[in-house]
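Participant: Return a 3D structure for these sequence lines:
(2 chains)
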Amino acid sequence: DAGVIQSPRHEVTEMGQEVTLRCKPISGHNSLFWYRQTMMRGLELLIYFNNNVPIDDSGMPEDRFSAKMPNASFSTLKIQPSEPRDSAVYFCASSLAPNQPQHFGDGTRLSIL
Amino acid sequence: DAKTTQPPSMDCAEGRAANLPCNHSTISGNEYVYWYRQIHSQGPQYIIHGLKNNETNEMASLIITEDRKSSTLILPHATLRDTAVYYCIVRASPIRDNYGQNFVFGPGTRLSVLP
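Facilitator: Now for the predicted structure:
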């Protein structure tokens, strides 16, 4: 069984550049979640989708962040323009339904210089 | 939101049972207790969840007190690979179109399994 697949695993870029993180949820899962993890703030929920529709984006830090889910098997999280404070590990998770256990990918380690 | 309290760290000898406590004294009647763990450099991994009955699966057992104000995650025979941060989360299960609460991960308990 393929789990949640995230790409890239590591990303290093200069501030001001656009960053796109990608996620492929587990097949058949209807809910998808984006999290950010830092030492200071721990693991924070940014946004989640149910049936490809954004349900709660209250965790998105500011307008520089956007997320899309064009179909059931793909989602992107975009940061434009990126800033050094965006450096973190970004996780994608999926679940059969919003109330079901979430299965996480291995994350994208993002460093903004 | 109900909050959880966990000890920041614990040690356990390899091969022994690891008992990780969690206090959730303000838990509501419709809130489940979930446990996840995060091994270094990996994403969080679902372990187990329950409402009021004790639960067991291939990874662990979950013991919830009768008043539901606390619970214990038991790893029956801890191995070095169980060294991780363990998160206890309480969350309501949505009814119909209510999507319920989001998962809120606190600092967790850092479990070190020692050889």
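
Participant: so what's the residue in chain A positioned nearest to chain B closest to, chain neighbours aside?
Facilitator: Chain A approaches chain B most closely through residue A:104 (3.1 Å), counting by Cβ to the nearest Cβ. Yep, even glycine has a C-beta here, placed from its N, CA and C like the rest. The spatial neighbour of residue A:104 that comes closest, neighbours along the chain excluded (Cβ to Cβ, 6 or more residues apart in numbering or on different chains), is residue B:43 at 3.1 Å.

Participant: same thing with residue B:105?
Facilitator: Once flanking residues are discounted, residue B:105 sits nearest to residue A:43: 4.0 Å by Cβ to Cβ, 6+ apart.

Participant: mind checking which helix or strand that neighbour is in?
Facilitator: strand A:42-50 (DSSP states H and E).

Participant: So which residues on chain A come close to chain B?
Facilitator: A:4, A:33, A:42-43, A:45, A:48, A:50, A:55-56, A:59, A:91, A:93, A:98-99, A:101-107 (Cβ under 8 Å from any Cβ of the partner chain).

Participant: Filter those down to just the buried residues.
Facilitator: A:4, A:33, A:42-43, A:45, A:48, A:50, A:56, A:59, A:91, A:93, A:98-99, A:101-107 (16 or more other Cβ atoms under 10 Å in any protein chain shown).

Participant: residues contacting residue B:39?
Facilitator: The contact partners of residue B:39, by Cβ atoms under 8 Å, 6 or more residues apart in numbering or on different chains, come to B:45, B:81, B:83, B:84.
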